[in-house]
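Engineer: give me the fold of what follows.
(2 chains)
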Amino acid sequence: MSLTEILWKRMVLGIGTLIFVSVLVFLGTEILPGDVAHAILGQGATPELLEQIRERLGLNEPLHVRYWVWLTNFITGDFGTSLANGADIGTEITRRASNTIILALCTAIIAVPLAIALGLAAAVKPGGLVDRAITSTSLALISFPDFLVAVVLVTIFAIKLRWLPAIASIRPSYDLVDWIRILILPVMGLTFTILAHMVRMTRSAVLNVLTSPAIEMAILKGVPRRRLLLRHALPNALGPIINVVALNLAYLISGVVVIETLFNFPGLGRYMVEAVTNRDVPIVQTCAMIFCSFYVLLNMTADILSIIANPRVRYKK
Amino acid sequence: MTPGTRTWQGELREALSDLTPGVTLCLLFLIAVFVIGAFAPWIAPYGEGEILTNDSFLPPNSQMWLGSDYLGRDVLSRLIYGVRITLFLALIITFLSFFSGVFLGFLAAAFGGRADSWMSRVNDALLSFPALMLALIVINSLGSSFVVLVFTIAFIDMTRVFRVARALAVNIMVMDYVEAAVVRGEGKGWIIWHEVLPNALTPLAAEFGIRFTYAILFISALSFLGLGVQPPQSDLGVMVKENMQAILWGEYTTLYPAFGIALIAISMNVFVDWLLQRSSAKLPDEI
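Structural biologist: Reported below is the predicted structural model:
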């Protein structure tokens, strides 16, 4: 199979996965007990009112028709209205999503290079002092609940030292300095939630390459250590590392939800948690679709990049 | 496995002599935590919901060793009851996910062919769904109760266990001793029970530990979001959430349950690491 064929196949699989995910999100939120009409009316539901609302929302249509309408609306950016206040969700989603993107991007910019550097440092001399320190610290970090590091950071920097705000709510008047001040703690907290996995996986990916026959040959040839690592090992480990990075960015999803709630940050994650608490179905659906698509696309990108980065696949006739 | 060459007593003695001080410490801590959880009503100095004082967030004192929480309840007692609920839920979830996942995974590997490829495909599709999103959608529809939490997280976990169990079994199914058993005319069930299971036991034990840690962290996260265990019942995650304001008072109340979760998880991970290294067993790559 040629490279383009492999890539096409992977992309078709990705799109198939997206469709599957959308079906699951739709079914999960639509057919479980009590429909949206019940949710809107709550206690004051009479059969006539229920019927009226069902008619208005198109709930009397068959399931597959409703799915299709919902999906096409979602794709064209029509997310519907909130059950709680009847407002259009679109504008709020855009605002929240852009906040979340800023948060996630800052985290990725810090976490990814840091994790790769630490993973490489640990892999240089397996079993050495640096390796043992990094491996055991990351094992401990993996065991931390997502909120632990953030709570400790808030205690130290916001309460004891009073350097930074404990709550990251945003005002329209905020300039760049204000943004940086409120973002530091959430970004640090999020970084720690994804760092440990990424370090461990980078380390094992590099070690995997370092024990390959090609590298052994290079060692026997007398290639200096630095050159060995940067010229021989790193290019071969690139594919696995890219994969590791993408997989771990997917971990950001649960991290974002927890950290945003903890800091009261007005992002998509907290929006979804609030919506689940209030059972605001359209918001839950939209947020879930956005998060899940991000996850699926990231996984697909990871696969595609590692296929491209793998010389054995790239040059295969 | 040839009978008679090794007894489980012998293996246990051997394992105990391999324990390093660090691993021993973690193991003792885990045992202590389980005992505390099991006997919470007899160990806790006060009741779970007993309001002892009007003062929120009292610092630790001789009556209340870890101070009072936001309602004036004893933090230590609530911590002990919280551990009980957290461990209880995590254990049920892990048992459920584990047995269903291993059962289905072994079945897929033993039968192979179309059954295997279909089961794996469905499982892969489910794995493409972020765990937290699946949980939030179910909780949105059904509300949060012990039953919903247990079955949802167990289901999510099952997909992970399935992958590992299937991969382990596929590797064992191609061994000579399995082929010999097939030639002898043994049935699938016999092969799974007498050949695959004993040989997969150590990595599966490690996987059990990993799943258990994961379940604890997952429930804690949901409870912290206010979507897991619902008050007046409380696990460690709920305790972290409800005592968040303590930080503003300069008290560390919220850190005790948070570190409690972390310590349990770290101990379990250290133990699992030791188990894997000792047997030089390897788990198939995990997502």
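Engineer: for B:Thr20, grab phi and psi.
Structural biologist: phi -90, psi 160 (degrees, to the nearest 10).
Engineer: surely it meets B:Gln277?
Structural biologist: No: if you go by C-beta atoms under 8 Å, B:Thr20 and B:Gln277 don't touch, sitting 10.2 Å apart. All C-beta atoms are positioned from the backbone trio N, CA, C, and that covers glycine.
Engineer: and A:Ser212, backbone torsions?
Structural biologist: Main-chain dihedrals, A:Ser212, degrees, to the nearest 10: phi -80, psi 160.
Engineer: gap between A:Pro126 and A:Asn243?
Structural biologist: As judged by C-beta to C-beta, to the nearest Å, A:Pro126 and A:Asn243 stand 21 Å apart.
Engineer: which residues of the chain score low on pLDDT?
Structural biologist: Assuming you mean chain A. A:1, A:31-45, A:57-58, A:311-317 (pLDDT under 70).
Engineer: that's the other chain; I wanted chain B
Structural biologist: In chain B, residues with pLDDT under 70: B:1-6, B:280-287.
Engineer: got the residue ranges for the strands in it?
Structural biologist: For chain B, no strands are identified by DSSP state E.
Engineer: quick check: longest helix of it.
Structural biologist: helix B:75-111 (DSSP state H).
Engineer: and the residue of the stretch 151-287 of chain B nearest chain A?
Structural biologist: B:Ala265 (3.5 Å; C-beta to the nearest C-beta).
Engineer: which outside residues touch stretch B:85-95?
Structural biologist: B:33-34, B:37, B:146, B:149-150, B:153-154, B:157, B:208, B:211-212, B:215-216, B:219-220, B:229, B:233-237, B:261, B:264 (C-beta atoms under 8 Å, 6 or more residues apart in numbering or on different chains).
Engineer: any of these buried? List them.
Structural biologist: B:33, B:37, B:149-150, B:153-154, B:157, B:208, B:211-212, B:215-216, B:219-220, B:229, B:234-237, B:261, B:264 (16 or more other C-beta atoms under 10 Å in any protein chain shown).
Engineer: what comes up buried for stretch A:65-81?
Structural biologist: Those buried within stretch A:65-81 under the rule 16+ other C-beta under 10 Å are A:66-67, A:70-71, A:74, A:79-81.
Engineer: should've said stretch A:175-183
Structural biologist: Neighbour-count burial for stretch A:175-183 [16+ other C-beta under 10 Å]: A:182-183.
Engineer: put the alpha carbons of that stretch into PDB.
Structural biologist: Extracted in PDB, the C-alpha atoms of stretch A:175-183 (Å, rounded to 0.1, in the frame of the first residue of the first chain):
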ATOM      1  CA  ASP A 175      -5.500  43.700  29.200                       C
ATOM      2  CA  LEU A 176      -2.600  41.400  28.500                       C
ATOM      3  CA  VAL A 177      -1.000  41.700  31.900                       C
ATOM      4  CA  ASP A 178      -4.300  40.800  33.700                       C
ATOM      5  CA  TRP A 179      -4.700  37.800  31.400                       C
ATOM      6  CA  ILE A 180      -1.200  36.500  32.100                       C
ATOM      7  CA  ARG A 181      -1.800  37.000  35.900                       C
ATOM      8  CA  ILE A 182      -5.000  34.900  35.900                       C
ATOM      9  CA  LEU A 183      -3.700  32.300  33.500                       C
END
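Engineer: list of residues touching that stretch?
Structural biologist: So stretch A:175-183 is contacted by A:102-103, A:106, A:164-165, A:167-171, A:174, A:265 (C-beta under 8 Å, 6+ apart).
Engineer: the residue of the stretch 151-287 of chain B closest to chain A - how many residues pack around it?
Structural biologist: 22 (other C-beta atoms under 10 Å in any protein chain shown).
Engineer: list the contacts for it?
Structural biologist: A:143-145, B:213, B:216-217.
Engineer: so what's the closest residue to it other than its chain neighbours up against?
Structural biologist: Once flanking residues are discounted, B:Ala265 sits nearest to A:Ser143: 3.5 Å by C-beta to C-beta, 6 or more residues apart in numbering or on different chains. The neighbourhood of A:Ser143, defined by C-beta under 8 Å, 6+ apart, consists of B:213, B:217, B:262, B:265-266, B:268-269.
Engineer: let's go with 10 Å and repeat that
Structural biologist: A:Ser143 makes contacts with A:196, B:213, B:216-217, B:261-270, as judged by C-beta atoms under 10 Å, 6 or more residues apart in numbering or on different chains.
Engineer: out of these, who has the most neighbours?
Structural biologist: B:Ile261 (29 neighbours).
Engineer: can I assume that one is in contact with B:Thr254?
Structural biologist: No: B:Ile261 is beyond contact range of B:Thr254, at 11.7 Å (criterion: C-beta atoms under 10 Å).
Engineer: B:Phe212 contacts B:Ala154, doesn't it?
Structural biologist: No: in this structure, B:Phe212 is not within contact of B:Ala154 by C-beta under 10 Å, at 12.0 Å.
Engineer: pull up the overlap in contacts between these two.
Structural biologist: Going by C-beta under 10 Å, 6+ apart, residues that sit against B:Phe212 and also against B:Ala154 are B:93-95, B:97-98.
Engineer: just the ones of the contacts of B:Ala265 in helices?
Structural biologist: Reading helices off those with DSSP H, I get B:213, B:216-217.
Engineer: CSV for those residues, including distance to chain A?
Structural biologist: Output for the ones in helices among the contacts of B:Ala265, formatted as CSV (distance: C-beta to the nearest C-beta, whole Å):
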residue, distance to chain A
B:Thr213, 7
B:Ile216, 8
B:Leu217, 5
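Engineer: just those now: which is nearest A:Asn299?
Structural biologist: The shortest gap between A:Asn299 and any of the ones in helices among the contacts of B:Ala265 belongs to B:Leu217, at 21.5 Å (C-beta to C-beta).
Engineer: got phi/psi on the closest residue to that closest one other than its chain neighbours?
Structural biologist: The shortest distance from B:Leu217 to any non-neighbouring residue, by C-beta to C-beta, 6+ apart, is to A:Pro145 (5.3 Å). When quoted as degrees, to the nearest 10, the phi and psi of A:Pro145 stand at phi -60, psi 150.
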